[in-house]
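Visitor: Provided below for reference: sequence and predicted model.
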Amino acid sequence: MTASRLNPHLDLHPEVAAALAAGAPVVALESTIVSHGMPWPQNAETALAVQAEVRAHGAVPATIAVIDGRLQAGLSDAQIERLGRAGAATVKASRRDLPVLVAQRGTGATTVAATMIIAALAGIRVFATGGIGGVHRGAATSFDISADLQALARTAVAVVCAGAKSILDLGLTLEYLETHGVPVIGHQTDRLPAFFSRDSGFGVDVRLDSAAEIAAVMRAQWTLGLDGGLVVANPIPAEFALPREAIDGAIAQALAEAALQGIIGKAITPFLLDRVNQLSGGLSLAANIQLVRHNARLAAAVAVAYAGLQPKR
């Protein structure tokens, strides 16, 4: 790994460092999908497949994590395998966990929020993930709101996703993003996707049909001096989408079980995703893999378009 001059705690994979130095397109990828989003070995296999999608579409992948106290932008295959085998034993690292992991030389798989922060430190402007976190159902009493939303409000990274995770209160999540001035862009859609399903029942702020249009909005936002990121909502391909009614039923059952078991905080999302996968007979895991790969392809195209708008180095 190459120590970065941008931050004393940050290391760049040599491939990522070379791409950034040349002004070439780079796409950040999160690592919670490796440790907490899927079982071994599908987690590591999916991570490597997503990196391959990014490369195949003209950009350099930078999977992000904290390894032995170092913020890493770009992982080796061995590091991805390490996270995959460790699974949920690895710390699920959000913003608040980063200083502790650095100080104690710990290892953590980064959430959307932490991945955005490290990507921004490295100078990476585009990030592909499955779905963002948001306002949880019942947040009026639990106050459970993902740190992903605050990261979007103040971190200059465009996040390509299949909307917010369908286990959330999507209406309140959109209200939160609106309050904090985060544009929600629908890629070739007027509707907000709901992770496994293509239509949540809610609209987006604007529909844009090409990577070039999305890159132009990114450039305009940041050259205007407006802080924060953008949500690029990219619906799961129709052939892999799951019926909204079936998924909503599985989510309702999983939520009831979580409440009975007293599962709260950062443990709730992995529990719900795993339980929904069980209730769907494995269909939700297959859909998750496909939507992440789909988002990686769009993110690479956006990164290529955005790099083309920057001054030549």
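Guide: Nice, I can see it. Please read all numbers here as calculations on a predicted model, not as lab measurements.
Visitor: Only C-alpha atoms from now on, for both contacts and neighbour counts.
Guide: OK.
Visitor: so after the strand ranked longest in the chain, what's the next helix or strand?
Guide: Longest strand of the chain, by residue count under DSSP state E: strand 60-67. Going down the chain from strand 60-67, the next helix or strand is strand 70-73, by DSSP states H and E.
Visitor: Touching that next one from outside, list them.
Guide: 9-13, 16, 28, 62-66, 102, 105, 118-119, 122 (Cα atoms under 8 Å, 6 or more residues apart in numbering).
Visitor: The same query, at a cut-off of 10 Å, please.
Guide: 1-4, 7-14, 16-17, 28-30, 61-66, 98, 101-103, 105-108, 110, 114-115, 118-119, 121-122, 124 (Cα atoms under 10 Å, 6 or more residues apart in numbering).
Visitor: Whichever of these end up buried, select them in ChimeraX.
Guide: Filtering the contacts of strand 70-73 down to the buried ones (16 or more other Cα atoms under 10 Å) takes a single ChimeraX command:
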select :1,3,4,9,10,11,12,13,16,17,28,29,30,61,62,63,64,65,66,98,101,102,106,107,108,110,114,115,118,119,121,122,124
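Visitor: Keep only those of the contacts of strand 70-73 that are in strands.
Guide: Going by DSSP E, the strands hold 2-3, 10-12, 28-29, 61-66, 108, 110 from these.
Visitor: who's in contact with the residue nearest to residue 155 when sequence neighbours are not counted?
Guide: Nearest non-adjacent residue to residue 155, counting by Cα to Cα, 6 or more residues apart in numbering: residue 228, 4.4 Å away. Counting by Cα under 10 Å, 6+ apart, residue 228 touches 150-158, 180-183, 221-222.
Visitor: surely residue 196 meets residue 250?
Guide: No - contact criterion Cα atoms under 10 Å: residue 196 and residue 250 do not qualify, at 11.9 Å.
Visitor: Spell out the residue ranges of the strands in the stretch 151-300 of the chain.
Guide: 158-161, 184-187, 206-208, 230-233 (DSSP state E, counting those that start in this stretch).
Visitor: Okay, now the sheet partners of the first one, with direction.
Guide: Sheet neighbours of strand 158-161, with direction, are listed as strand 126-128 (parallel), strand 230-233 (parallel) (DSSP bridges).
Visitor: Show me which of those strands has the highest average neighbour count.
Guide: Compared across the strands paired with strand 158-161, strand 126-128 shows the largest average neighbour count, a mean of 30 (mean count of other Cα atoms under 10 Å).
Visitor: C-terminal to that one, what's the next element?
Guide: helix 139-142.
Visitor: What mean pLDDT does that following helix get?
Guide: The predicted model assigns helix 139-142 a mean pLDDT of 81.
Visitor: and the angle from whichever helix in the chain runs longest to strand 60-67?
Guide: In terms of residue count, the longest helix belonging to the chain (DSSP state H) is helix 283-309. Relative orientation of helix 283-309 and strand 60-67, computed by axes from the mean of the first three to the mean of the last three Cα atoms, to 10 degrees: 120 degrees.
Visitor: other SSEs contacting helix 283-309?
Guide: Counting contacts by 3 or more Cα pairs under 10 Å, 6 or more residues apart in numbering; DSSP states H and E, helix 283-309 packs against strand 26-29, helix 42-56, strand 60-67, strand 126-128, strand 158-161, helix 211-223, strand 230-233, helix 268-279.
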